[in-house]
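Engineer: let's see this in three dimensions:
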Amino acid sequence: MRAAGQDSLKWALKGATYFDHETHRFAIGDIEIGGEQVSAIRPAGASMLVRGIDARRYVCTPGLVGVPIDGQTLALEPDRLIQRGMTTGALFFPCASECIRAMRLTRARLYAHLLLNPFSRARVAQGAVDPRVYAPELRVFERVAAQVARHGGRLLPAIDCACVSSAHELLFAQDFAHALGLKLNLVLSDSAQAARAFRERFYCTEMQLIAFLQLLQPQTAVWGLSQLTRPDLRILRESGVKAIGLPQTKPEERVDAATIAAAAALGDPKCGRIAPGMRADLCLFSTADRSLQGSGSESFLRLFEASNPNAVIIAGQFVGGDFGESAVPSDSNAPASLIKQRQADKRERTQTV
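Structural biologist: Residues are numbered from 1 along each chain as shown. Next comes the predicted model:
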């Protein structure tokens, strides 16, 4: 049964040139949005929704999925993610308080990875390796996860392999993640110096150790692959894990790496592409040129290389740009200037009240 008022939440980007992941080509159509999701994509001019925006001069792409994001950059420039068209991102934090603080800094959807290194090292040093002894930490993780979820994000367990001092720490972190019902995210060295220091401690590479410990399982995400050797790459490809950061050469692979592949690594199948049932996380680029129709992934990449989006939509709401925040005009052809005026009037009325 349709919920009351659902129709009032439906609107459309009419006549937009949008990127279709099925063909990796730009097409023209009406993108209908219901609540937080794309409800339908129809041929240009076919949408019967009254509420909408004339998007004929806009090129529409899915929002980028950034992996990983620098937490320090986020703190200094909280709006930078949105300005670059990044609607979903992954960050890694050494403590729970930093996770919660980051959620309040940006309107982008964040997947906060809590590094378990300090906790694992302390427990192993105490000789507490039985999963039943860390029930208090499990409750803390679940409480933090609930706070992160209230800000629209998700909390995931991770461990920085380069910083571990014993294999027991890796196994303990794996057990802890299993107790949470989650996969442990593995973060590898991001510099040659760190990778060399690891080999000097363990007489093997990080990939060889975690493979020996049988931590490489399907659906496990492995981050930071810049220092992998050829044998490491072979281990990685044979394990079936989600590898984040492998170099991509083909334009189609580069587009996927910044959208659907990154979303899959985060365990979020609802973002990264423009299709019915997907979350309405979109970027709009203003252009009077219709020549992008039929062009492919190269054009997608050039859009983001040349400029920032003119408007960004997250979960069906404008969060900045040409149309103001959370704006949908009541008629289908309202110009951007009128939309901005409506938003200014609305803010003024709210402040008066």
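Engineer: all helices for the stretch 1-150 of the chain, in order.
Structural biologist: For the stretch 1-150 of the chain, helices defined by DSSP state H, counting those that start in this stretch occupy the ranges 71-76, 80-83, 96-103, 117-126, 135-150.
Engineer: same for the strand or helix carrying Q174, what does it pack against?
Structural biologist: Using DSSP states H and E, Q174 falls within helix 167-180. Contact here means 3 or more CB pairs under 8 Å, 6 or more residues apart in numbering; DSSP states H and E; on that basis helix 167-180 packs against helix 117-126, helix 135-150, strand 154-160, helix 206-212. C-beta: built from backbone N, CA, C; applies to glycine.
Engineer: could you redo the last one with a cut-off of 6 Å?
Structural biologist: On a contact count with 3 or more CB pairs under 6 Å, 6 or more residues apart in numbering; DSSP states H and E, helix 167-180 meets helix 117-126.
Engineer: could you pull out the buried residues of the helix it packs on?
Structural biologist: By neighbour count on 16 or more other CB atoms under 10 Å, the buried set for helix 117-126 is 117, 119-121, 123-124.
Engineer: what's the answer for stretch 179-192, then?
Structural biologist: Neighbour-count burial for stretch 179-192 flags 179-180, 182-190 (criterion: 16+ other CB under 10 Å).
Engineer: tell me which of those residues fall in strands.
Structural biologist: Here DSSP state E is the test, and those give 185-187 as lying in strands.
Engineer: pull out the buried residues from the helix or strand in which E200 is found.
Structural biologist: Secondary structure from DSSP H and E places E200 in helix 192-202. Buried residues in helix 192-202, counting neighbours by 16+ other CB under 10 Å, are found at 194-195, 198, 202.
Engineer: by how many degrees do that helix and helix 167-180 diverge?
Structural biologist: 100 degrees (axes from the mean of the first three to the mean of the last three CA atoms, to 10 degrees).
Engineer: may I have helix 192-202 exported as CSV, CA atoms only?
Structural biologist: Extracted in CSV, the C-alpha atoms of helix 192-202 (Å, rounded to 0.1, in the frame of the first residue of the first chain):
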residue,chain,number,x,y,z
ALA,A,192,57.7,1.9,1.1
GLN,A,193,59.3,2.7,4.5
ALA,A,194,56.4,1.2,6.4
ALA,A,195,56.3,-1.9,4.2
ARG,A,196,60.0,-2.4,4.7
ALA,A,197,59.7,-2.1,8.4
PHE,A,198,57.0,-4.7,8.5
ARG,A,199,59.2,-7.2,6.5
GLU,A,200,62.0,-6.6,9.0
ARG,A,201,59.8,-7.5,11.9
PHE,A,202,58.0,-10.5,10.4
